[in-house]
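predicted coordinates and the sequence they were generated for:
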Amino acid sequence: MSVSASMTTGKIVSYTDVDIYRQEVAVLNKVDFSLDPGEFVYLIGKVGSGKSSLMKSMYAEVPVSGGRARIFDFDLNNIRRHDIPYLRRRIGIVFQDFQLLNDRDVRSNLSFVLKATGWTDRHEMDERIAEVLSEVGMQGKDYKMPHELSGGEQQRIVIARALLNKPPLILADEPTGNLDPETGEQIVARLRDISSRGTTVVMATHNLQLVDRFPGRMVYCRNHRLEE
């Protein structure tokens, strides 16, 4: 694994002249895009404009083509399959539809992720779970099943799950899409607070009211291009 230019320049992500395809169809062309540590960035665009594809390319679920695409110390143009899990451990992902395991409680959902990423000490896992639940205002809810939580509470658990391994980058794909406006604002406020403490956050949205309420860097997906 070679050290990337993005690391030597202090960039979390560095894309230059990159094309992104889904099922052999070009979604985004000639992408020039970079992220600095601690940035809060909105990806804005209509459904199908390429927001999700761009984020998925960052954790190597969608391949990139041409140009140069680097994230941390990984070269996405030539990333090897066995390196992908190590890349993904450094990225927290917040989904619109939560993707919690509905057959187990909050604590078990979180411990499942820790075990899957190499944690073995039960005491350390308990401490980390308590820390992330406190960070998202959900302390004392570890015994709850997902169906016992409101949509906003479930999304807070998803954010807690994304924080478990202290990732330098969080990707939030329409995290307020299934929430009422007030709860959506609370979720964005939580993500902004996380960003203010040094974590880079990229949030896909088409809700411009949230952008007005919580200003940040804006990147637009339109006409198969990325624009600022």
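Arrived safely.

for the protein, which segments count as strands?
Under the criterion DSSP state E, the chain contains strands at 13-22, 25-35, 40-44, 64-65, 68-71, 74-75, 91-94, 169-173, 200-205, 217-222, 225-227.

tell me the buried residues in the second one?
Counting neighbours by 16 or more other Cβ atoms under 10 Å, one finds that the buried residues in strand 25-35 are 27, 28, 29, 31, 33, 35. Placement of C-beta: from N, CA and C, glycine included.

tell me which strands and helices that strand is in contact with?
The elements that strand 25-35 packs onto, with contact taken as 3 or more Cβ pairs under 8 Å, 6 or more residues apart in numbering; DSSP states H and E, are strand 13-22, helix 51-58, strand 225-227.

which other residues reach it?
Surrounding strand 25-35, the residues in contact under the criterion Cβ atoms under 8 Å, 6 or more residues apart in numbering are 6, 11-21, 41, 50, 53-54, 67, 169, 200, 202, 219, 221, 224-226.

filter those residues to the buried ones?
A residue is treated as buried here by neighbour count (16+ other Cβ under 10 Å); on that basis the buried members of those are 6, 11-15, 18-21, 41, 50, 53-54, 169, 200, 202, 219, 221, 224, 226.

longest helix in the protein, please.
helix 181-196 (DSSP state H).

what ranges of this protein fall below the confidence cut-off?
Low-confidence segments of the chain, defined by pLDDT under 70, are located at 1-9.

work out which residue lies at the spatial centre of it.
residue 171 (1.6 Å; Cα atoms, centre = their mean).

what bridges to that one?
residue 93, residue 202 (DSSP bridges).

burial count for residue 140?
For residue 140, the neighbour count with other Cβ atoms under 10 Å is 9.

next: the one 10 residues further on.
By the other Cβ under 10 Å criterion, the neighbourhood of residue 150 contains 11 residues.

which non-adjacent residue is nearest it?
residue 183 (7.6 Å; Cβ to Cβ, 6 or more residues apart in numbering).

surely the one you found is in contact with residue 151?
Yes - because the distance of 6.7 Å satisfies Cβ atoms under 8 Å, residue 183 is recorded as touching residue 151.

tell me how far residue 210 lies from residue 174.
Separation of residue 210 from residue 174 (Cβ to Cβ, to the nearest Å) stands at 11 Å.

my error: substitute residue 114 in the last question.
In this structure, residue 114 and residue 174 are 26 Å apart, going by Cβ to Cβ.

related to what we said a few turns ago, off-centre distance for the longest helix of the chain?
Taking Cα atoms, centre = their mean, to the nearest Å, one finds helix 181-196 lying 14 Å from the centre of the chain it belongs to.

what angle separates it from strand 40-44?
On the basis of axes from the mean of the first three to the mean of the last three Cα atoms, to 10 degrees, helix 181-196 is oriented at 130 degrees to strand 40-44.

what residues does helix 181-196 touch?
For helix 181-196, the external contacting residues (Cβ under 8 Å, 6+ apart) are 38-40, 94, 135-137, 150-152, 155-156, 159, 163, 170, 172, 175-176, 179, 201, 203, 207, 209-210, 213-214, 216.
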